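**Q** Provided below are the primary sequence and the corresponding predicted coordinates.
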Amino acid sequence: MLGKRILLIVGGGIAAYKACELVRLIRKEGASVTCVLTAGGSQFVTAMTLAALSENPVHTNLFDLKNEVEMGHIQLSRAADLVVVCPATADLLAKMAAGIADDLATTLLLATDKPVLAVPAMNVRMWLHAATSRNVASLRADGVTVLEPDEGAMACGEYGPGRLPEPPAVLAAIRAALTDAPATPGPLAGRHVLVTAGPTHEPIDPVRYIANRSSGQQGFAIAAAAARAGARVTLVSGPVHLPTPPGVTRVDVETAREMAAAVDAALPADVAVLVAAVADWRTADAADEKIKKAPGSGPPTLALTENPDILAGLARSPRRPPLLIGFAAETEKVLEHATAKRARKQVDWIVANDVSGDVMGGANNAVHVVTAAGVESLPEMPKDAVAAALVQRIVDALGQ
Ligand code: C5P
């Protein structure tokens with residue numbers, strides 16, 4: 001990010017204080033920041049704070065003649081490499097989607113010819129409102145990168161999606177947006193990478209389900225790394241609490257059968273990396289109504305039936321991706337089981353990990369890459385680094 005110029009539009013919301021931390025993080029990377037503070041934003045942070053942190057004048061007023069002479073709003077909107085809207089309120093997103101330009105921030109957004117990254121933060125009901133969903137969809141269709149908000153407790157006391165992602169996550173998205181610039185196509189440009197991630201939920205009745213402990217982090221990290229390498233990425237995800245990585249097309253599913261259908265619909269792909277921890281079994285007959293606890297009659301018996309093996313199915317398919325990679329979470333005899341799984345499922349690579357510790361849901365992973373050439377064991381490292389190492393091996397394999 002060295003030498004890059006970020007125009008940061010700070011909207012009005014309690015999360016505006018996180019924009020201050022973001023300015024600090026961007027500057028630490030060697031990029032410069034010019035801030036535009038909306039009237040709403042100035043209710044939460046001051047222009048003085050942003051000016052001190054960015055070491056640049058902060059712009060607030062569309063009709064500031066002095067600034068208009070020194071630097072018109074058109075020029076301000078184009079002197080940046082990337083325009084970041086953080087926090088992007090429901091109101092700002094609506095104005096951006098409609099092309100309304102009634103203050104400096106929205107005028108700059110309409111006048112810019114630079115990539116725009118919006119980081120939403122708002123009350124959960126506002127985020128889930130049909131109008132906001134519509135606005136976000138139009139902005140994405142217009143080429144604006146709109147991050148998914150985080151899920152959790154909100155300042156207003158409610159719980160759900162709508163929280164501003166933490167500044168390091170926004171910084172990562174900024175870095176990706178800057179490197180995604182088409183001027184430097186990555187080594188996977190023109191390739192389609194299909195990734196599955198997370199658990200599946202198999203309903204028992206409308207309120208209960210069978211699942212496993214997968215958080216989805218490793219699969220999401222692989223999708224993000226493939227997108228950073230320039231690939232078109234489809235990420236088929238089970239139910240997880242993770243934001244969609246920049247540049248990734250996400251398809252949310254719940255059950256194994258839905259995941260199998262979404263994988264099939266995403267074909268053809270050059271590479272498929274199936275990281276999802278798919279439930280091996282589902283209930284033979286999910287009840288339509290909640291199963292009641294009848295006094296004296298003991299617990300119900302659950303009849304289970306096998307789910308489709310998506311990976312093995314893909315290996316046998318006429319549309320088998322040329323490079324097919326499976327994961328193997330094992331709690332014992334990791335290499336022995338992984339090597340047998342590679343042969344049994346007829347895949348090119350098995351990435352094996354020992355999940356007897358706290359890998360599932362944890363930040364780190366230690367994997368062994370089992371290929372026709374043998375086993376390569378990587379040291380324990382953050383899941384992002386595992387993803388980068390794996391994508392590097394994919395780049396090398398496709399190059400041969
Ligand atoms: O047989 P096992 O579940 O250990 O195999 C793990 C690998 O197979 C993973 O890559 C997982 O995504 C994939 N898998 C699948 N569909 C299933 C079960 C596992 O795609 N029903």
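**A** In hand now; what should we look at?
**Q** count of residues packed around residue 394?
**A** By the measure other CB atoms under 10 Å, the count of residues near residue 394 is 25. Any C-beta I mention is one placed from the backbone N, CA and C, and that applies to glycine too.
**Q** Run through the residues that contact it.
**A** By CB atoms under 8 Å, 6 or more residues apart in numbering, the contact list for residue 394 reads 188, 193, 226, 271, 273, 323, 325.
**Q** near the ligand, which residues of the stretch 251-400 of the chain?
**A** With CB under 6 Å from any ligand atom as the criterion, the stretch 251-400 of the chain comes near the ligand at residues 256, 274-276, 278, 280, 307-311, 326-328.
**Q** Sitting in strands, which of the residues you listed do you find?
**A** Among these, the members falling in strands (DSSP state E) are 274, 326-328.
**Q** Listing request: residues of the stretch 1-150 of the chain with sub-threshold pLDDT.
**A** Counting by pLDDT under 70, the stretch 1-150 of the chain has low-confidence residues at 62-72.
**Q** Can you dump the C-alpha atoms of stretch 362-369 in CSV for me?
**A** Only the C-alpha atoms of stretch 362-369 are listed here, as CSV (Å, rounded to 0.1, in the frame of the first residue of the first chain):
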residue,chain,number,x,y,z
GLY,A,362,-9.1,-21.7,16.2
ALA,A,363,-6.9,-19.2,14.3
ASN,A,364,-4.1,-21.6,13.4
ASN,A,365,-3.7,-24.8,11.4
ALA,A,366,-0.9,-27.3,10.6
VAL,A,367,-1.5,-29.2,7.4
HIS,A,368,0.0,-32.0,5.3
VAL,A,369,-0.5,-31.8,1.6
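**Q** Rounded mean pLDDT for that stretch, please.
**A** For stretch 362-369, mean pLDDT is 88.
**Q** Give the buried residues for that stretch.
**A** For stretch 362-369, the neighbour count (16 or more other CB atoms under 10 Å) marks 365-369 as buried.
**Q** do stretch 164-172 as well
**A** By neighbour count on 16+ other CB under 10 Å, the buried set for stretch 164-172 is 164-165, 167, 170-172.
**Q** now it: how far from the chain's centre is it?
**A** 11 Å (CA atoms, centre = their mean, to the nearest Å).
**Q** got it, and stretch 30-41?
**A** Offset of stretch 30-41 from its chain centre (CA atoms, centre = their mean): 24 Å.
**Q** mind checking the end-to-end distance for that stretch?
**A** 25 Å (CA to CA, to the nearest Å).
**Q** Can you tell me what sits against it?
**A** With contacts defined as CB under 8 Å, 6+ apart, stretch 30-41 is touched by 1-13, 16, 19, 23, 26-27, 45, 47, 50-51, 53-54, 56-60, 76, 79-80, 89, 91-92, 103-105, 108.
**Q** Just the buried ones from those?
**A** Buried among the contacts of stretch 30-41 (16+ other CB under 10 Å): 1, 4, 6-13, 16, 19, 23, 26-27, 45, 47, 50, 53-54, 56, 58-60, 76, 80, 89, 91-92, 103-105, 108.
**Q** Which ones among the residues you listed map onto helices?
**A** Per DSSP state H, helices hold the following members of those: 16, 19, 23, 26-27, 47, 50, 53-54, 76, 91-92, 104-105, 108.
**Q** Domains in this structure, by residue range?
**A** 5-178, 192-398 (automatic domain parsing).
**Q** re the thing from before, biggest separation within the ones in strands among the residues of the stretch 251-400 of the chain next to the ligand, which pair?
**A** 274 and 328 (10.6 Å; CB to CB).
**Q** Let me have the residues of the stretch 251-400 of the chain next to the ligand in CSV, adding pLDDT, distance to residue 297 and neighbour count as columns.
**A** Output for these, formatted as CSV (pLDDT from 0 to 100; distance: CB to CB, whole Å; neighbours: other CB atoms under 10 Å):
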residue, pLDDT, distance to residue 297, neighbour count
256, 98, 30, 24
274, 98, 41, 26
275, 97, 41, 26
276, 97, 36, 27
278, 97, 33, 23
280, 95, 29, 14
307, 97, 29, 18
308, 96, 33, 15
309, 97, 35, 18
310, 98, 37, 24
311, 97, 40, 23
326, 97, 42, 27
327, 96, 41, 25
328, 94, 41, 24
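**Q** Looking at the residues you listed, which is nearest residue 240?
**A** Closest to residue 240, out of all of those and judged by CB to CB, is residue 276, at 9.9 Å.
**Q** That closest one against residue 196, yeah?
**A** Yes. Residue 276 lies in contact with residue 196 (CB atoms under 8 Å); the separation is 3.7 Å.
**Q** who touches both of the two?
**A** Shared contacts of residue 276 and residue 196, defined by CB under 8 Å, 6+ apart, comprise 219, 236-238, 259, 310.
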